[in-house]
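[1] Starting from these lines, generate the structure:
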Amino acid sequence: MKLVSLFITLVLATLLCQCVTPINPDVRTLAPTLVVDGLVTDQPGRSRVTLSLTADYTSTSLNYLVEKATVFVTDNTNQRTTFGEISPGYYQPDASWRGNSGQTYTLHIRLSDGREYQSKSERLKPVAPIDSIYVDYSQQLKLGTDSFDKGFDVSLDLKDPANPDDCYRWSWVHYEPLVYCGLIKILECPTCNTYTTYGLTCCNRCWDVIRYQNLINITSDNAINGNRISRRPILRAPFNSYQPYYVEIEQQSLTKEAFTYLSSLKDMVQNTGGIFDAAPALLVGNISSVSKSDELVLGYFGASAMIIRPLYIDRSKAPGTPDIILAPPPQPPPTSCAECVETPGRTQKAPKWWVF
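    Numbers count the residues shown, from 1 in each chain. Take a look at the predicted model:
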């Protein structure tokens with residue numbers, strides 16, 4: 001009986017293997033598409049344009065940054081402002097330049113291969129001021145663990161003007177002071193090929209610039225025109241140190257067109273892909289090719305007034321202990337330091353309201 005059972009098992013296994021047909025999907029590829037993320041504001045140092053090209057569907061990389069492009073904006077008085085490339089794919093005007101409320105702005109792009117693109121004009125609308133900012137500590141048990149999610153929830157109030165079609169967006173920029181600007185590996189045991197990683201202290205003062213990521217925090221006054229917006233959530237600051245947490249909160253105005261675009265983008269981002277979800281549509285912004293009317297261009301160029309409010313969060317008075325982030329030990333003597341290299345994500349320039 002054991003031999004019969006074994007024979008039947010082998011036959012079934014053979015049949016199952018023969019029933020498996022290799023699937024070679026027909027993977028379609030799309031031509032690289034220009035992606036534009038641009039903004040003009042009335043605050044110096046806050047206007048920028050980022051250019052990239054979509055990667056092939058089968059590529060594991062992110063979008064390719066577009067370098068050596070000519071980027072400038074024009075306003076309704078025909079004034080032209082050049083946006084220089086400060087790092088690959090990232091373009092900014094002179095640090096002192098800013099837009100003016102009430103004017104309209106148009107983005108112009110010329111790639112290194114000669115292709116040209118232009119946005120529709122966007123009006124820079126004024127924005128209401130921020131009234132109050134709240135900071136509340138909270139901690140919650142992480143699902144399936146014995147550890148807590150500890151942090152500080154930041155929210156704000158404002159009074160919406162009694163004008164129709166006021167739309168808002170909130171973002172933030174956190175500046176994290178650095179101790180180490182680089183890492184070095186030192187061979188401690190040549191015979192066993194063992195290395196130790198040490199931190200290289202910064203040669204001068206340096207901050208990591210951490211901007212909001214994948215956050216589309218927007219609203220309109222369609223339902224509350226002329227009333228207050230209360231306790232609008234902005235961010236959650238981590239409790240990973242007793243040091244003060246410095247953040248600059250940005251409140252922006254949006255045109256109706258920009259709000260509609262961002263609302264659609266937010267719906268696409270939040271679409272979880274369930275069986276009853278609508279298939280995502282191709283989201284086209286306000287930028288088009290000058291020479292090829294049928295060329296697809298993704299992204300949006302906007303203009304916005306901006307209110308900036310600096311905030312220091314005193315984390316020393318929070319209950320409990322912070323989630324300490326372990327850092328590498330400093331390099332033993334003789335030591336060297338690492339330069340703070342200026343990039344969109346790192347700066348030697350002290351934040352405007354820095355007091356320490």
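[2] Could you use CA atoms for every contact and neighbour count after this?
    Will do.
[3] check contacts around the nearest residue to Ser119 once chain neighbours are set aside.
    Spatial nearest neighbour of Ser119, excluding adjacent residues (C-alpha to C-alpha, 6 or more residues apart in numbering): Ile287 at 4.1 Å. Each residue near Ile287 by C-alpha atoms under 8 Å, 6 or more residues apart in numbering is listed here: Tyr117, Gln118, Ser119, Lys120, Val297, Leu298, Gly299, Tyr300, Phe301.
[4] just those residues now: which is nearest Arg98?
    Relative to Arg98, the closest of those is Phe301; by C-alpha to C-alpha it sits at 15.4 Å.
[5] ok, and the closest non-adjacent residue to the closest one?
    That would be Gly38: by C-alpha to C-alpha, 6+ apart, it lies 4.4 Å from Phe301.
[6] What of Leu111?
    Nearest one to Leu111, counting by C-alpha to C-alpha, 6+ apart, is Ala69 at 4.5 Å.
[7] Mind checking what secondary structure Ser253 has?
    strand (DSSP: H, G, I helix; E, B strand; the rest coil).
[8] Endpoint to endpoint, stretch 159-172 covers what distance?
    With C-alpha to C-alpha, to the nearest Å as the measure, the first residue of stretch 159-172 is 20 Å from its last.
[9] Identify the residues contacting it?
    Outside stretch 159-172, the residues touching it (C-alpha under 8 Å, 6+ apart) are 127-131, 211-212, 215-222, 224-229, 234-235, 247-256, 259.
[10] Out of the residues you listed, which sit inside helices?
    Of those, the ones assigned to helices by DSSP state H are Lys256, Phe259.
[11] Now the buried members of the contacts of stretch 159-172.
    Buried by 16 or more other C-alpha atoms under 10 Å: 127-130, 211, 216-221, 225, 229, 234-235, 247-255, 259, out of the contacts of stretch 159-172.
[12] hey, where'd the strands end up in the stretch 1-150 of the chain?
    With DSSP state E, counting those that start in this stretch as the criterion, the stretch 1-150 of the chain has strands at 34-41, 48-53, 64-65, 70-75, 80-87, 90-92, 104-110, 116-119, 122-123, 132-141, 148-159.
[13] Could you tell me the least trusted of those?
    Among these, strand 64-65 carries the lowest mean pLDDT, at a mean of 90.
[14] list the helices and strands that strand packs on?
    strand 48-53 (3 or more C-alpha pairs under 8 Å, 6 or more residues apart in numbering; DSSP states H and E).
[15] and the strand it packs on, which strands flank it?
    In the sheet, strand 48-53 lines up against strand 34-41 (antiparallel), strand 64-65 (antiparallel), strand 90-92 (antiparallel) (DSSP bridges).
[16] Quick check, Leu156 in contact with Pro129.
    No: the pair Leu156 / Pro129 is not scored as a contact, 10.7 Å apart, by C-alpha atoms under 8 Å.
[17] Distance of Val284 relative to Tyr261?
    8 Å.
[18] Counting neighbours, go ahead and name the busier of those two.
    Taking neighbours as other C-alpha atoms under 10 Å, Val284 and Tyr261 compare with Tyr261 leading, 17 against 14.
[19] confidence score at Leu183?
    pLDDT, Leu183: 90.
[20] The helix or strand that contains it - contacts with which helices or strands?
    In the assignment (DSSP states H and E), Leu183 maps to strand 180-189. Strand 180-189 sits against strand 194-201, with contacts defined as 3+ C-alpha pairs under 8 Å, 6+ apart.
[21] Quick check: mean pLDDT of the strand it packs on?
    89.
[22] which residues touch that strand?
    Residues outside strand 194-201 that contact it (C-alpha under 8 Å, 6+ apart) are 179-189, 327-331, 335-338.
[23] Kindly reformat the contacts of Ile287 as TSV containing distance to Asp166.
    Formatted as TSV, the contacts of Ile287 follow (distance: C-alpha to C-alpha, whole Å):
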residue	distance to Asp166
Tyr117	29
Gln118	26
Ser119	22
Lys120	20
Val297	27
Leu298	25
Gly299	22
Tyr300	19
Phe301	18
